[in-house]
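Trainee: Mind looking at a prediction? Sequence and model below.
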Amino acid sequence: MKAVIIRWVRKLSRWMAVGLFAAVISPMMAAAAEPDWRSYNELLNEYVSPGQAQGVTLNQVNYSALKSDPRWQQLLAMLESYPLASLESRQEKIAFYINAYNVLAIKTVVDHWPLESIKDVGSWLSPVWKRDAGMLGGSPVSLDHIEHGVLRKLDEPGIHFAIVCASLSCPDLRTEAFVAERLEMQLSDQLQQFVANDAKGAQVDGNRLRISKIFDWFEGDFKQAGGVVPYIQKNTGISATKLDGYLNYDWRVNGY
């Protein structure tokens, strides 16, 4: 009888140990679903800073200096080898692919630096958006695929104020990586910052509103919010109701 009790105590101890291990490791595994963006954050803080170009206030990228930083190649290597299947939630996928788009847009400029516009990398028959921009999860990918093949299918119109196509009229490149835990706040802040910039986001004149061409190009993505103007009214402090056209889009590169 004593031997039986000892065996059961040992089994119970093992079960408890396994349970404790699972309780500890499960949150760690969940947290590991997203990459470690620390090096990306460091690069953003070091090479992206407020500035002004062509009358536009924006976050400018120091492409010429970034190109030679060894952390840049390490970041690209991380994206190339990252297991995409580990991204489980919608928030994780949105955050990851926004970051991936922005990194590969930067890479496109860096790889062809100096240049006047990211569009100069491509041509009318072969636009830059459809060319391979880099590697994700072991496979080549284009900016077009990330934006239209992945992000827009996740039904989050806020992505349009977070992905940055390396141009003056784009939303500002955020100086931190997007992460699932704070994604809603980050996207909201991106929209607020964008429409507050009257050189490229929105201009209000009484009840009249002129806005970025981004709202025109992706008008369909705002239907779930009742349309472009209702979306702006609901998510910003702007109350103007009459759409009075769109701002010119400046494709010149957002850095030096």
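Mentor: Received, thanks. Given the structure is predicted, the values throughout are model-derived calculations rather than measurements.

Trainee: Surely residue 254 is in contact with residue 166?
Mentor: Yes. Counting by C-beta atoms under 8 Å, a contact exists between residue 254 and residue 166, whose distance comes to 5.6 Å. Placement of C-beta: from N, CA and C, glycine included.

Trainee: hey, what's in contact with both of these two?
Mentor: residue 61 (C-beta atoms under 8 Å, 6 or more residues apart in numbering).

Trainee: So which residues of this protein form strands?
Mentor: 48-53, 56-61, 132-136, 139-142, 202-205, 208-211, 242-246 (DSSP state E).

Trainee: which residues does residue 241 contact?
Mentor: By C-beta under 8 Å, 6+ apart, the residues touching residue 241 are 207, 209, 229, 233.

Trainee: And the buried ones among those residues, selectable in ChimeraX?
Mentor: Filtering those down to the buried ones (16 or more other C-beta atoms under 10 Å) takes a single ChimeraX command:
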select :209,229,233
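
Trainee: Out of the contacts of residue 241, the closest to residue 195 would be?
Mentor: Nearest to residue 195 among the contacts of residue 241, counting by C-beta to C-beta, is residue 209 at 9.6 Å.

Trainee: Report the beta-bridge partner residues of the closest one.
Mentor: Residue 209 forms beta bridges with residue 204, residue 243, as assigned by DSSP bridges.

Trainee: got the end-to-end distance for stretch 149-164?
Mentor: 16 Å (C-alpha to C-alpha, to the nearest Å).

Trainee: Give me the buried positions along it.
Mentor: So stretch 149-164, judged by 16+ other C-beta under 10 Å, has buried residues 150, 151, 152, 156, 157, 158, 159, 160, 161, 162, 163, 164.

Trainee: quick one: which of those residues is nearest residue 33?
Mentor: When the buried residues of stretch 149-164 are compared against residue 33 (criterion: C-beta to C-beta), the nearest one is residue 150, at 16.3 Å.

Trainee: Can you get me a residue count around the nearest residue to the closest one once chain neighbours are set aside?
Mentor: Closest residue to residue 150 apart from its sequence neighbours, by C-beta to C-beta, 6 or more residues apart in numbering: residue 97 at 5.1 Å. Residues near residue 97, counting by other C-beta atoms under 10 Å, number 25.

Trainee: What of residue 238?
Mentor: Neighbours of residue 238 (other C-beta under 10 Å): 16.

Trainee: For it, what are phi and psi?
Mentor: phi -80, psi 130 (degrees, to the nearest 10).

Trainee: quick one: contacts for the residue positioned nearest the centre of the chain?
Mentor: By C-alpha atoms, centre = their mean, the chain has its centre lying nearest to residue 98, at 2.3 Å. Contacts here follow C-beta under 8 Å, 6+ apart; on that basis residue 98 touches 151, 159, 162, 163, 178.

Trainee: hmm, 6 Å instead?
Mentor: Residues near residue 98 by C-beta atoms under 6 Å, 6 or more residues apart in numbering: 162, 163, 178.

Trainee: next one: residue 137
Mentor: Contacts for residue 137 (C-beta under 6 Å, 6+ apart) come out as 82, 84.

Trainee: Repeat that for residue 48.
Mentor: Taking C-beta under 6 Å, 6+ apart as the contact definition, residue 48 lies against 59, 61, 173, 175.

Trainee: which one among these gets closest to residue 187?
Mentor: residue 173 (14.3 Å).

Trainee: Can you name the residues that contact the closest one?
Mentor: Each residue near residue 173 by C-beta under 6 Å, 6+ apart is listed here: 48, 59, 164.

Trainee: Quick check: the closest residue to it other than its chain neighbours vs residue 60, distance?
Mentor: In space, and not counting its chain neighbours, residue 173 is closest to residue 164: 4.6 Å by C-beta to C-beta, 6+ apart. Going from residue 164 to residue 60 by C-beta to C-beta, to the nearest Å gives 12 Å.
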